[in-house]
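Colleague: coords below, sequence missing:
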């Protein structure tokens with residue numbers, strides 16, 4: 001489902017405006033996603049405890065359709081994360097908007113994943129070089145020294161399920177999970193008792209995904225400091241890797257923060273050095 005945002009136009013925007021009016025807005029149904037439509041979206045999001053980003057993605061579409069899901073991230077959880085990290089809520093919201101994979105769950109209801117066969121090889125290698133090489137020989141689509149083999153979307157569960165049968169722990173560790181696509185091998189860093197416990201949390205809600213992100217940021221002093229100071233280039237370099245500039249992550253984060261700092265009506269969060 002495409003994200004609708006300010007500047008868009010067409011039938012999808014007309015449908016959005018009609019549904020917003022059904023929920024109390026008084027928009028002219030003209031098919032233009034202008035300032036008034038953005039304000040109506042933000043008002044709807046605030047009313048339904050959704051992050052008030054002014055854009056319409058899977059969560060807002062679901063709420064407009066009357067679907068209630070405890071799996072969706074909420075504004076209150078964004079605020080709680082900001083308090084935990086002692087940063088501005090708009091900064092956390094910017095990270096959630098830019099760095100997330102969209103929805104934390106596939107339409108089938110399972111958490112979003114991407115299975116990395118080269119990571120599966122590395123995790124097996126920690127147990128036994130012989131085991132890793134044998135798995136690579138027998139199951140090259142699941143285990144390899146090279147990246148690749150992706151099938152995308154919920155079909156990634158086909159590869160994950162097969163790998164899970166071979167080695168549950170390494171399979172969990174070889175996936176990036178949820179809304180923020182955090183690698184499973186970070187389970188100890190994030191304070192989980194096992195890879196299985198990490199997976200159980202990821203299976204639950206986007207709120208759990210946000211908690212994992214919060215712990216991930218807190219565990220990296222450089223990343224945490226960059227977020228607190230809103231040094232988006234440094235944050236993007238640490239979070240996205242050295243090629244962050246090629247995808248303009250720093251620019252996207254900066255723009256998102258500037259927008260959200262104006263519209264994110266949340267209690268003040270003190271920031272200390």
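Modeller: Here it is on my side, so go on. None of these values were measured; they are calculated from a predicted model. Numbering: from 1, shown residues only.

Colleague: quick one, helices of this structure?
Modeller: With DSSP state H as the criterion, the chain has helices at 11-22, 35-47, 58-64, 75-85, 89-99, 117-127, 129-138, 156-166, 168-173, 195-202, 206-219, 221-229, 232-240, 249-263.

Colleague: if you compare those helices, which one is most tucked away?
Modeller: helix 89-99 (a mean of 24; mean count of other CB atoms under 10 Å). Quick note: C-beta positions are derived from backbone N, CA and C, even for glycine.

Colleague: distance from that helix to the middle of the chain?
Modeller: 10 Å (CA atoms, centre = their mean, to the nearest Å).

Colleague: shaky segments in the stretch 151-273 of the chain?
Modeller: 264-273 (pLDDT under 70).

Colleague: thinking again about what came up before, for residue 5, find the nearest of the helices of the chain.
Modeller: Each of these was scored for nearness to residue 5 using CB to CB, and the closest is helix 35-47 (8.0 Å).

Colleague: got the contact list for the closest one?
Modeller: 6, 13, 16-17, 20, 23, 25, 27-28, 50-56, 60, 63-64, 75, 263, 265 (CB atoms under 8 Å, 6 or more residues apart in numbering).

Colleague: got the angle between it and helix 75-85?
Modeller: For helix 35-47 against helix 75-85, the angle by axes from the mean of the first three to the mean of the last three CA atoms, to 10 degrees is 80 degrees.

Colleague: got CSV for the helices of the chain, with distance to residue 110 too?
Modeller: What follows is these, written out as CSV (distance: least, CB to CB, whole Å):
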stretch, distance to residue 110
helix 11-22, 27
helix 35-47, 25
helix 58-64, 15
helix 75-85, 20
helix 89-99, 20
helix 117-127, 19
helix 129-138, 24
helix 156-166, 6
helix 168-173, 13
helix 195-202, 9
helix 206-219, 13
helix 221-229, 28
helix 232-240, 25
helix 249-263, 27
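
Colleague: tell me which residues touch residue 236, please.
Modeller: Residue 236 touches 244, 245, 249, 250, 253, counting by CB under 8 Å, 6+ apart.

Colleague: nearest to residue 32, of those residues?
Modeller: residue 253 (27.4 Å).

Colleague: you'd agree the closest one is up against residue 98?
Modeller: Yes - contact criterion CB atoms under 8 Å: residue 253 and residue 98 qualify, at 5.1 Å.

Colleague: so this protein: which segments form each domain?
Modeller: For the chain, automatic domain parsing gives the domain ranges 1-68, 74-107+179-273, 113-177.

Colleague: tell me which of the helices of the chain lies nearest to residue 186.
Modeller: Relative to residue 186, the nearest member of the helices of the chain by CB to CB is helix 206-219, separated by 6.6 Å.

Colleague: so the closest one versus helix 89-99, what angle?
Modeller: Angle of helix 206-219 versus helix 89-99, following the same axes, to 10 degrees, is 110 degrees.

Colleague: state the pLDDT value of residue 27.
Modeller: For residue 27, the pLDDT comes out at 95.

Colleague: what's the spacing between it and residue 45?
Modeller: 15 Å (CB to CB, to the nearest Å).

Colleague: ok, residue 62 to residue 69 distance?
Modeller: On the measure of CB to CB, residue 62 and residue 69 end up 6 Å apart.

Colleague: my bad, should have said residue 100
Modeller: Relative to residue 69, and taking CB to CB, residue 100 is found at 16 Å.

Colleague: between these two, which one's more packed in?
Modeller: residue 100 (20 against 13; other CB atoms under 10 Å).
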